[in-house]
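Visitor: the sequence and its predicted three-dimensional model are supplied below.
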Amino acid sequence: MDNRLTPEQQNAVIEDALHTYPLASMPRDITATVMARIQAVPAPRPFRFTRNDFVIALVLSLSTAAIWFSIQNFPPLLLAQLRVQGILFYQDLIVNARWLVPAIAFGLSALLAAMTIPYLKQQLMK
């Protein structure tokens, strides 16, 4: 089908048809038909706290309490060792972070290229 109308001309023809054609009268039984199709919205189900919910809450609270209790009762020597290891780990990250900046830069450029290349390829194929 050869359509020689531009989109603006098509829109103008449609607008003209909407403004000039007479309105049809509404059927008398439309309200009854529409109302028959409308169904009442079902009431939301009430919240139920099941046994599984109770078990999950109990396990999580007991685990949290056990972790908190064990941390509170660490021997002072163990806390000092943990503190020293944390400091050494932090210093190791700082000293060896020279590779991190180029790795992040190349990784970010690879991610952006992976996101951009398919779009450019699609645009060039048009």
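Guide: The structure has been received and is ready for your questions.

Visitor: next helix or strand past the one helix or strand Val55 maps to?
Guide: Element membership of Val55, judged by DSSP states H and E, is helix 51-72. Remark: after helix 51-72, the chain's next helix or strand is helix 76-95, criterion DSSP H and E.

Visitor: average pLDDT for the helix or strand just after that next one?
Guide: Using DSSP H and E, the helix or strand that follows helix 76-95 in sequence is helix 100-125. Averaging pLDDT along helix 100-125 yields 91.

Visitor: what does stretch 74-93 give?
Guide: The pLDDT scores in stretch 74-93 average 92.

Visitor: can I get it in PDB, CA atoms only?
Guide: Taking Å, rounded to 0.1, in the frame of the first residue of the first chain, the C-alpha atoms of stretch 74-93 are listed here in PDB:
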ATOM      1  CA  PHE A  74      36.100 -12.200  73.700                       C
ATOM      2  CA  PRO A  75      39.300 -12.400  75.700                       C
ATOM      3  CA  PRO A  76      41.200  -9.100  75.600                       C
ATOM      4  CA  LEU A  77      44.200 -10.700  74.000                       C
ATOM      5  CA  LEU A  78      42.000 -11.900  71.100                       C
ATOM      6  CA  LEU A  79      40.500  -8.400  70.600                       C
ATOM      7  CA  ALA A  80      44.100  -6.900  70.500                       C
ATOM      8  CA  GLN A  81      45.100  -9.500  67.900                       C
ATOM      9  CA  LEU A  82      42.000  -8.800  65.800                       C
ATOM     10  CA  ARG A  83      42.800  -5.000  66.000                       C
ATOM     11  CA  VAL A  84      46.400  -5.600  64.900                       C
ATOM     12  CA  GLN A  85      45.300  -7.800  62.000                       C
ATOM     13  CA  GLY A  86      42.700  -5.200  60.900                       C
ATOM     14  CA  ILE A  87      45.400  -2.500  60.900                       C
ATOM     15  CA  LEU A  88      47.800  -4.700  58.900                       C
ATOM     16  CA  PHE A  89      45.100  -5.600  56.400                       C
ATOM     17  CA  TYR A  90      44.300  -1.900  55.900                       C
ATOM     18  CA  GLN A  91      47.900  -1.000  55.400                       C
ATOM     19  CA  ASP A  92      48.300  -3.800  53.000                       C
ATOM     20  CA  LEU A  93      45.400  -2.500  50.900                       C
END
